[in-house]
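A.B. asks: Fold the following.
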Amino acid sequence: MVLLSRFGQVSVVTDTYDYDAFGNLISRFGTTPNNYLYSGERFDSDLGAYHLRERDYSPQRGRFLTSDPFAGFVDLPRTLHKYVYVGGNQSTTSIQMD
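C.D. replies: A predicted model of the protein is given here:
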């Protein structure tokens, strides 16, 4: 597949990935080595988790492996859960190339 950016640059897509809402890989096309997968985050295949700076996220569980150090906001209950990813509101992520 060939893409043309709004600046006229031509890019060739060599690999594509499809994920479920929790970051589990559904399908992959291409063989380019790549550790940066769902949401552009680094995946540790030994751990089976994404490294998201402060914590590791397990797509199989749909939760972080350790609790959130952030206390949350009392008036936003979804921020008070210590293990949930993106407030429990996963959605399909697409990355736009410029």
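A.B. asks: In its sheet, which strands sit next to the helix or strand bottoming out on mean pLDDT in the chain, and in what direction?
C.D. replies: Lowest by mean pLDDT, DSSP states H and E among the helices and strands of the chain is strand 2-4, with a mean of 72. Within its sheet, and counting by DSSP bridges, strand 2-4 is paired with strand 10-12 (antiparallel).
A.B. asks: Okay, now the sheet partners of whichever helix or strand comes after the partner strand, with direction.
C.D. replies: As assigned by DSSP states H and E, the chain's next helix or strand after strand 10-12 is strand 16-19. Partners of strand 16-19 in the sheet, by DSSP bridges, are strand 25-29 (antiparallel).
A.B. asks: those strands in the protein, which residues are they?
C.D. replies: In the chain, the segments counted as strands under DSSP state E are 2-4, 10-12, 16-19, 25-29, 42-44, 49-52, 55-58, 63-64.
A.B. asks: Make a markdown table out of these and add mean neighbour count.
C.D. replies: Every C-beta, even on glycine, is put in place using the N, C-alpha and C of the backbone. Formatted as a markdown table, the strands of the chain follow (neighbours: other C-beta atoms under 10 Å):
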| stretch | mean neighbour count |
| --- | --- |
| strand 2-4 | 9 |
| strand 10-12 | 9 |
| strand 16-19 | 13 |
| strand 25-29 | 11 |
| strand 42-44 | 14 |
| strand 49-52 | 18 |
| strand 55-58 | 18 |
| strand 63-64 | 18 |
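A.B. asks: Of those, which is nearest Phe70?
C.D. replies: Ranking the strands of the chain by their distance to Phe70 (criterion: C-beta to C-beta) puts strand 55-58 first, at 10.4 Å.
A.B. asks: Tell me the strands beside that closest one, with direction?
C.D. replies: strand 49-52 (antiparallel), strand 63-64 (antiparallel).
A.B. asks: I'd like to know which of those strands lies nearest to Pro33.
C.D. replies: Among these, if distance is taken as C-beta to C-beta, the winner is strand 49-52, at 16.8 Å.
A.B. asks: And for the closest one, what's in contact with it?
C.D. replies: Here strand 49-52 makes contact (C-beta atoms under 8 Å, 6 or more residues apart in numbering) with 23, 37-39, 41-44, 56-59, 64-65.
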